[in-house]
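Asker: coords please:
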Amino acid sequence: MIRHILFVVVVGFLLSCQPTYSPEQILFEDLTAQEGLKGKSEYLASPFVAAGDRVYLIGHQNGSFPDLGWHVEGEMGGIWLHPIKLMDGFTASINVDGENYCLDKATSFTNYPFSNVLQFPLESSGIEIERLHFVPDGKEGMTVLFRIKNVDKSEKTIQFQFNAFVDLMPVWLGERTGMIDQADVISFDEMTNTFSAKDQGNPWFAVLGTAEGISLLPQDELACTYSPKGNGATAGFSLEVNLPAGSEQIIPVFIAGSTESELKAMETLVDLRQNLDTDWFAKKKRYEDLAQQAEIQIPDAELQQTFQWIKYNTDWLVREVPGIGRGFGAGLQDYPWFFGVDSEYTIQGLIATGRKDLVYSTLQLIRNLSEKENGNGRIIHEVSTNGAVFNPGNINETPQWASTIWEVYRWTGDREFLEKYFPSIEKGLDWLLRENDKDGNLLADGYGMMEIHGLKSEMIDVAAYSQKAFADASKMAEILGKTELSKSYQQTADALVVKINSDFWVEEFGSYADFIGTVDEALHLIDDAIIRADTLKKPWAVEELKATKAKLSTLPKNQKQGFVLFHNWVVNTPMETGIADREKAKIALATAKKYTNPFGTFVTGIDRDEQAENEDGSFAGSKSFSYTGAVMTLPTGVSAIGENNYGNPDAALDYLKRMTRSFGFALPGSMYEVSPDYGMFTQAWNMYSFGVPIVMQFFGIQPDAGNKVIHIRPQMPSAWKEAAIQKVIVGDNEIKLTYVDKSGVRAIEVEQIQSKWGISIEIPDEFSKVKVLGKEVSSDTKDGYRRILMTGKKVRVEASR
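Answerer: Below is the predicted model:
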């Protein structure tokens, strides 16, 4: 049962005597100079986040805190200090002239890069209220500010009330590490004028206070309440505020927590009070720096803005958990913890946008968790923030680990980094084939990215990522002087290229197979797929699957071959990794376009129907959480990368623009995992889907930091006649690239801070006239490109046909 304690205080005089420019006022004023994105009224009853690396708050854009999420049912919203939850949320209200107004029906929500503001224009009251959330970096607490404006012509006396719904409880899988939730109790300390909540069976605390110098007196009744799930307790305070006509007052609420002691939580609360503006401007400066890393100027303003905010989105997911480590979670609200594969995709975009610090800490975290759980090189899939592993790893995650390490090395040139992680690659690739390739054909068996029950034979994504892993590991082994191992790895990679382009290719469907297995395995999967397609009312898929079943029924049950049953997005991974034969890639990419809608690529192609291209409204999800029928940003990004790999930047841009249609669709400044408005409302691997196509492919930045050379081969969409990117970090170097293609002349200019690094600018052979401005070291021609290697602070190539 929830225990209620209410604290009342009359402080009108104190609040009316605030300094002209209080820290609270400074925050609101500073927002006027920041980029804020306003939400849609129809999505006010959907989630948002105010995030720091220790604490985050999730509620609805209308100001309410309903029970959210399914991992811990109804408990994934509120205020979290991982690995515990602090609060389910809070309510606030004002009483004007005897009329009570609950602040849970905001009419406007504005998202800023590191804060958010809700507006409550209270009709006929003469009062307007704004609620601001701010979570500082590195601190176990947050601040909520209520700005109360008297927009009437007469003085107002109002009663303001704030009620905290505390719920100290463990994260998902808490029971596996002895974290057992018990009832919470709240006490009031007259000396500190704060109240403190404690879980009765654990050293978990939440504390709450407002401005210093205010004496709180307890009282009984709550003006606005609700009944969240859990073993929580409720407490609050009330203030009387005198507001002359046209004036305003700001009421701060400071919330802090600790998994260790009440004293530590109280110290954080005091810190929040004393350093509000300092914390704000420190975070603002960090976000300004974040925005400037790999900052682009392109002709597509919407895509440019999306790319900028995806950097912010990823930062909202950073979790620092004492005793576990620092890394980014996969997505909010239900995946705030750590994943192997989500990290492996995301890191490739993060390293290209200057986040070496976050890349290194996340890799350390994943390596440590994997080693502790598996110890054999296998990379974990999913682990909660208390260190409890849910899935020790799908097959694809281990080879993708090798390619992630290689990609980071290409950008950093950090040999110590390579030496540190290469042993985990050796162990992992050994585990991959020794434990999972029973028939010895180099194709590991087991679940890949598609978590469809029974779909765990020789998967196309596992094969493609394994090929890339062995090729990348060969390069790393050579650098580290392991020549024989390098040769062995390359032989395996070469053999896999042949197998993928022969054994997995299904000419009838113009596609790589979902998987290789026996006819008997395929028949069982077809029955499940027919039920799925029929349930979703996809008659074309039912017809195709029945025809396939009839054909397979004539074959020996133990015959092994490639099958196209689901048209899963993973059939595009050979193009994503660039190993598809060019003619097969051309056919497969054209096939892939059939399984799209205006937002991107379907996870499972048989979920598409002939109406898909017209389905650009809200996603109609299952009653229970499911990815059935989903179009997702990762598959769409993979499609874009594949198109770029085969010289189709206009097609790649089309996929990016499809994804961009879901930017801000439900949460301003964010992009949902399932397009346009389902699943996680912010998602880490969006950084992969945008960062790789834009930075590495459109701008063509391919680093070789170990040799202090940066290769530049722009592949711009035809509509982009001018584009630029600045502050791209490669090793200890930093470059700015400017691209212009006008009046038959293509000009590529690169500025760098390390003048002795080599800049290799590559121009298609079709440009017969080339003018070089800079110190040319060498020039050659390869694969249809003229490569010009230069040094100097600024180099430039102008080319014409």
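Asker: so who does the closest residue to Tyr409 other than its chain neighbours touch?
Answerer: Nearest residue to Tyr409, sequence neighbours excluded (CB to CB, 6 or more residues apart in numbering): Leu418, at 5.1 Å. All C-beta atoms are positioned from the backbone trio N, CA, C, and that covers glycine. Residues near Leu418 by CB atoms under 8 Å, 6 or more residues apart in numbering: 405, 409, 476, 479-480.
Asker: Then Asp461 would be within a helix, right?
Answerer: Yes: checked against DSSP: H, G, I helix; E, B strand; the rest coil, Asp461 lies within a helix.
Asker: tell me the contacts of it?
Answerer: Going by CB under 8 Å, 6+ apart, Asp461 touches 396, 448-450, 570, 573.
Asker: rewinding a little: surely the residue nearest to Tyr409 is in a strand?
Answerer: No: secondary structure of Leu418, determined by three-state DSSP: helix, with no strand assignment.
Asker: Quickly name whichever of the contacts of Asp461 is closest to Ala352.
Answerer: Taking CB to CB as the measure, Ala352 sits nearest to Thr573 out of the contacts of Asp461, at 19.8 Å.
Asker: and the closest one, how far is that from Trp505?
Answerer: For Thr573, the distance to Trp505 equals 13 Å [CB to CB, to the nearest Å].
Asker: Also Gly323?
Answerer: Taken as CB to CB, the span from Gly323 to Trp505 is 48 Å.
Asker: who's more crowded, the two?
Answerer: Trp505 (19 against 9; other CB atoms under 10 Å).
Asker: how about the spatially most central residue of the chain, what does it touch?
Answerer: By CA atoms, centre = their mean, the chain has its centre lying nearest to Ala684, at 1.5 Å. Shown in contact with Ala684 (CB under 8 Å, 6+ apart): 313-314, 317, 328-331, 342-343, 345-346.
Asker: ok, now Ile251?
Answerer: Counting by CB under 8 Å, 6+ apart, Ile251 makes contact with 15, 145-146, 148, 160, 162, 210-211, 239, 241.
Asker: Which of these fall in strands?
Answerer: Counting by DSSP state E, the contacts of Ile251 place 145-146, 148, 160, 162, 239, 241 in strands.
Asker: can you confirm Val542 is in a helix?
Answerer: Yes: under three-state DSSP, Val542 falls within a helix.
Asker: quick one, domains of this structure?
Answerer: Using automatic domain parsing, the domain ranges for the chain come out as 4-287, 293-514+564-696, 699-800.
Asker: Please identify the most buried of these.
Answerer: Burial of the domains of the chain is given as mean neighbour count (mean count of other CB atoms under 10 Å); domain 293-514+564-696 ranks first at a mean of 21.
Asker: Can you flag the residue of the protein lying furthest from its geometric centre?
Answerer: Largest centre distance within the chain, by CA atoms, centre = their mean: Ser154, 48.3 Å.
Asker: just to revisit the earlier point, any shared contact partners between Thr573 and Trp505?
Answerer: Tyr512.
Asker: pretty sure Met632 is touching Asn597, no?
Answerer: No: with contacts counted by CB atoms under 8 Å, Met632 stays clear of Asn597, the gap being 11.3 Å.
Asker: Specify the local secondary structure of the closest residue to Pro299 other than its chain neighbours.
Answerer: Take Pro299 and drop its neighbours on the chain: the residue closest to it by CB to CB, 6+ apart is Trp720, 5.4 Å away. Three-state assignment for Trp720 (three-state DSSP): coil.
Asker: Tell me where the stretch 151-300 of the chain is predicted with low confidence.
Answerer: Low-confidence segments of the stretch 151-300 of the chain (pLDDT under 70): 214-220.
Asker: 80 instead?
Answerer: Along the stretch 151-300 of the chain, segments meeting pLDDT under 80 span 213-221.
Asker: Kindly report the same for the chain.
Answerer: For the chain (pLDDT under 80), the answer is 1-21, 213-221, 451-456, 609-616, 620-626.
Asker: Verify the stated contact: Leu290 with Asp315.
Answerer: Yes: shown here, Leu290 and Asp315 form a contact pair, counting by CB under 8 Å, at 6.4 Å.
Asker: what do the two both touch?
Answerer: Contacts common to Leu290 and Asp315, judged by CB under 8 Å, 6+ apart, are absent.
Asker: could you pull out the helices for the stretch 1-150 of the chain?
Answerer: With DSSP state H, counting those that start in this stretch as the criterion, the stretch 1-150 of the chain has helices at 12-16, 23-31.
Asker: cool, and the stretch 251-400 of the chain?
Answerer: 262-274, 276-292, 301-316, 340-352, 356-373, 397-412.
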